[in-house]
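> with the input below, show me the fold.
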Amino acid sequence: MTIGSMFGDVFRSLFKKPVTECYPFQRPRIPERLRAKVVWNPENCSGCQLCVKDCPANALELIVVDKASKRFVMRYHADRCIYCAQCIESCRFKCLGFSTEEWELASANKTPFEVLYGRDEDIQFLLERAAQACSEQPDECREVK
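Have a look, this model is predicted:
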């Protein structure tokens, strides 16, 4: 590379706008087929658990609260998910899909990566049942450090 061509590049770049993005302040346009956070619609779910069986990363758990009244809670582990869309393809009732709003999945700790989907009363019931089980047998609920 000669000095003349370097000066040409320097002078051309002096009169151009920067090409960087102001990302946190201006959100970029989201691609049409972006694979982001998995979302679940509990009204359409029949509890067949095909999505759970077909997930290669074991990122989904379907917890049955009451099978007769179709009350389920989906536990989604976003830190395990490989975004392959196998669960979405295998769902016959179109309960699963990718979110177009929640695609920024960075965090400093693991708590936001475990998401519970379902009716609020069903989630509350499961959390109370888990707390009760932990109070009865604290050795099994202890966190590994």
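> buried stuff in the helix ranked longest in the chain?
Assignment by DSSP state H gives helix 120-136 as the longest helix of the chain. Neighbour-count burial for helix 120-136 flags Asp122, Ile123, Phe125, Leu126 (criterion: 16 or more other C-beta atoms under 10 Å). (C-beta placed from N, C-alpha, C; glycine too.)
> any idea which helix or strand in this structure has the lowest mean pLDDT?
Ranked by mean pLDDT, DSSP states H and E, the weakest helix or strand in the chain is helix 138-141, scoring a mean of 64.
> could I get the phi/psi values of Val65?
phi -90, psi -50 (degrees, to the nearest 10).
> give me the pLDDT value at it.
At Val65, the predicted lDDT confidence score is 86.
> so what's it closest to, chain neighbours aside?
Spatial nearest neighbour of Val65, excluding adjacent residues (C-beta to C-beta, 6 or more residues apart in numbering): Arg71 at 4.1 Å.
> so for the one you found, what's the pLDDT?
On the pLDDT scale, Arg71 gets 87.
> quick check, it in contact with Arg119.
Yes: the pair formed by Arg71 and Arg119 meets the contact definition of C-beta atoms under 8 Å, at 6.9 Å.
> those two: who's more crowded?
Arg71 (18 against 14; other C-beta atoms under 10 Å).
> which helices and strands does the longest helix of the chain pack with?
Helices and strands touching helix 120-136, by 3 or more C-beta pairs under 8 Å, 6 or more residues apart in numbering; DSSP states H and E, are strand 60-66, strand 71-77, helix 138-141.
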